[in-house]
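Asks: Fold the following for me, if possible:
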Amino acid sequence: MITKLFSTLSILLLVGITSCSQAQNTHKSNDENSSTVKKQAATIDHKGDYYFLIFDNEPNSRYLDTNIEPTFRQDKMRVIVSGEKLPIPPNVRMAGNPFKITSIEIDGGVQIDNKLAVENTISDEGTVKLKGDVFVIETTETIYVPKKLAADFQKEGAAVAFTANKLPIPPNVRMIGQPIEIVTIKSNVKSMQLEKTIDTKVKTKIK
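Replies: You can find the predicted model right below:
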């Protein structure tokens with residue numbers, strides 16, 4: 001009887017220890033793979049089609065949120081970020097450690113050289129055209145596709161002058177022009193007057 005009781009207690013004790021060990025391992029695994037970040041300084045690192053976050057306290061790790069806003073898709077931009085480090089799905093190879101941004105703001109502006117700034121930011125003038133159901137801006141050299149064109153400028157043939165930030169072209173997507181995010185835009189009165197003058201001269205010659 002005593003032997004059976006001792007055996008039963010030993011089994012219960014072993015089961016209890018195993019359960020505690022499994023719970024501790026599970027908790028440890030979650031802590032290692034998922035954690036919250038609050039207002040940490042980081043740098044945007046542009047590689048290929050991706051914009052990574054490199055935190056100052058983790059210079060050898062790259063974190064990736066594929067939904068990062070276009071405003072922050074600038075190489076070497078300094079930012080303050082809050083969010084959550086997510087676990088890497090099993091048997092999945094990723095470009096960077098998955099990350100979900102909950103808040104992000106510029107910290108000290110964009111630290112890039114003049115060449116990169118010129119390549120990313122444009123200042124041009126052109127004519128609004130309707131391609132299918134999309135309003136684009138045609139210039140002498142390029143067709144630009146605004147992410148959002150203000151309703152006041154959604155008019156076929158409207159002459160505009162604008163500044164914008166170039167946006168990355170999504171991988172495996174064929175577009176009719178270079179995607180941009182408009183920073184400033186206004187009616188190009190000078191261009192409109194020139195077109196009217198040319199049109200008037202042409203009509204006069206025809207008469």
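Asks: ok, now how distant is the nearest residue to residue 85 once chain neighbours are set aside from residue 90?
Replies: The spatially closest residue to residue 85, leaving aside those adjacent along the chain, is residue 35, at 5.0 Å (C-beta to C-beta, 6 or more residues apart in numbering). To be clear about C-beta, it is placed using only N, CA and C from the backbone, and glycine gets the same treatment. According to C-beta to C-beta, to the nearest Å, residue 35 and residue 90 sit 19 Å apart.
Asks: Show me where this structure has its strands.
Replies: 35-47, 50-55, 63-64, 77-85, 97-110, 121-131, 134-138, 143-146, 159-166, 178-187 (DSSP state E).
Asks: Stretch 150-162 - what's its average pLDDT?
Replies: Mean pLDDT, stretch 150-162: 92.
Asks: Other residues contacting that stretch?
Replies: The contact list for stretch 150-162 (C-beta atoms under 8 Å, 6 or more residues apart in numbering) reads 123-130, 135, 137, 182-189, 191-192, 195.
Asks: Next, the buried residues of it.
Replies: For stretch 150-162, the neighbour count (16 or more other C-beta atoms under 10 Å) marks 153, 158-162 as buried.
Asks: still on that earlier bit, check the gap between the residue nearest to residue 85 and residue 84 for me.
Replies: Residue 35 sits at a distance of 7 Å from residue 84 (criterion: C-beta to C-beta).
Asks: Those two: which is more packed in?
Replies: Neighbours per residue (other C-beta atoms under 10 Å) separate residue 35 from residue 84, with residue 84 holding more: 14 against 10.
Asks: ok, now which ones touch the nearest residue to the more buried one once chain neighbours are set aside?
Replies: With sequence-adjacent residues excluded and distances taken as C-beta to C-beta, 6+ apart, residue 84 is closest to residue 100, at 4.8 Å. Taking C-beta under 8 Å, 6+ apart, we find residue 100 in contact with 65, 83-84, 86.
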